[in-house]
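1. After the sequence you'll find the predicted model.
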Amino acid sequence: MPFNQLKQQYSTCDKCEELCNNRTQVVFGAGNKEADVLLLGEAPGASEDKQGIPFCGMSGKILNELLDSAGLSREDIFITNTVLCRPPENRNPSKLEIENCRDRLDKLISIMQPKVIVTIGNFATERIIGKTGIKTIHGQLFDFKEGIQVVPVVHPASYLYSGRNPDLLKQMQDDFKTIAEVVNAKVKQKNLSDFSVGLSE
């Protein structure tokens, strides 16, 4: 299934009655659909629901700073969420709502074939690798499928809630540097592989 067809299919999704009744729009995702890095958050908030872009509020500003600190930008990544519609009052998405969005996310990963999936916070991390405890496992590398690696990171909102704790910011910047290093290593590996194939032809 092509990317745009998947996006169109889910623009009118009606699987979750409460989310459908409360959303302004489906927030499918934003960024480079051919990116090596897929960032996966939890769910759209009020700003995201209004503008149709993931991480466009205060957490998004922190995310942009973290990307910049690692030499990455929004143009280098694609961002989506575990669920595409804003839960009322920004409550946590339910297990059923996450399950209802499972097929969409699986298909997106299959279409994009990212080199790295960055799971932001516990909900996204549990959805992809079945683990929680983000404060313990952040910045570590986990193998996914088809050569894709997963790097869990602390949600940017945690930095805001901490009163902008400088130690937490440094930890988050280090995690994003790890992401950049993994991407660069995989790109280098692919280039060497392509070069080897070219020599053998």
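-> All right, it came through fine.
2. use CA for all of it now, contacts and neighbours both
-> OK.
3. State the number of residues packed around the nearest residue to G133 once chain neighbours are set aside.
-> In space, and not counting its chain neighbours, G133 is closest to N122: 6.7 Å by Cα to Cα, 6 or more residues apart in numbering. When counting by other Cα atoms under 10 Å, one arrives at 21 neighbours for N122.
4. do the same with M1
-> M1: 9 neighbours (other Cα under 10 Å).
5. ok, now which ones touch it?
-> K107, I111 (Cα atoms under 8 Å, 6 or more residues apart in numbering).
6. Contacts for the strand or helix carrying the residue nearest to G133, please.
-> Using DSSP states H and E, N122 sits in helix 121-129. With contact meaning Cα under 8 Å, 6+ apart, helix 121-129 is reached by 40-42, 81-82, 98, 119, 131-134, 142, 144, 150, 152-155.
7. Pull out the buried residues from the helix or strand following that helix.
-> Using DSSP H and E, the helix or strand that follows helix 121-129 in sequence is helix 134-137. Neighbour counts over helix 134-137 (16 or more other Cα atoms under 10 Å) mark I134, I137 as buried.
8. Please apply the same query to stretch 128-146.
-> I128, T132, I134, I137, H138, G139, L141.
9. what do you get for stretch 90-102?
-> Buried-residue list, stretch 90-102, by 16+ other Cα under 10 Å: P93, E97, I98, N100, C101, R102.
10. Which of those fall within helices?
-> Those of the buried residues of stretch 90-102 mapping onto helices are E97, I98, N100, R102, per DSSP state H.
11. Am I right that the first one is in contact with D14?
-> Same thing as E97. No: counting by Cα atoms under 8 Å, E97 does not reach D14; the two are 11.0 Å apart.
12. hang on, the earlier thing: may I have the helix holding N122 as CSV, with CA atoms only?
-> These are the backbone C-alpha positions of helix 121-129, laid out as CSV (Å, rounded to 0.1, in the frame of the first residue of the first chain):
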residue,chain,number,x,y,z
GLY,A,121,7.7,7.8,26.4
ASN,A,122,6.3,4.6,27.9
PHE,A,123,3.2,4.2,25.7
ALA,A,124,5.1,4.3,22.4
THR,A,125,7.9,2.1,23.9
GLU,A,126,5.6,-0.5,25.1
ARG,A,127,3.7,-0.6,21.8
ILE,A,128,6.9,-1.3,19.8
ILE,A,129,9.2,-3.4,22.1
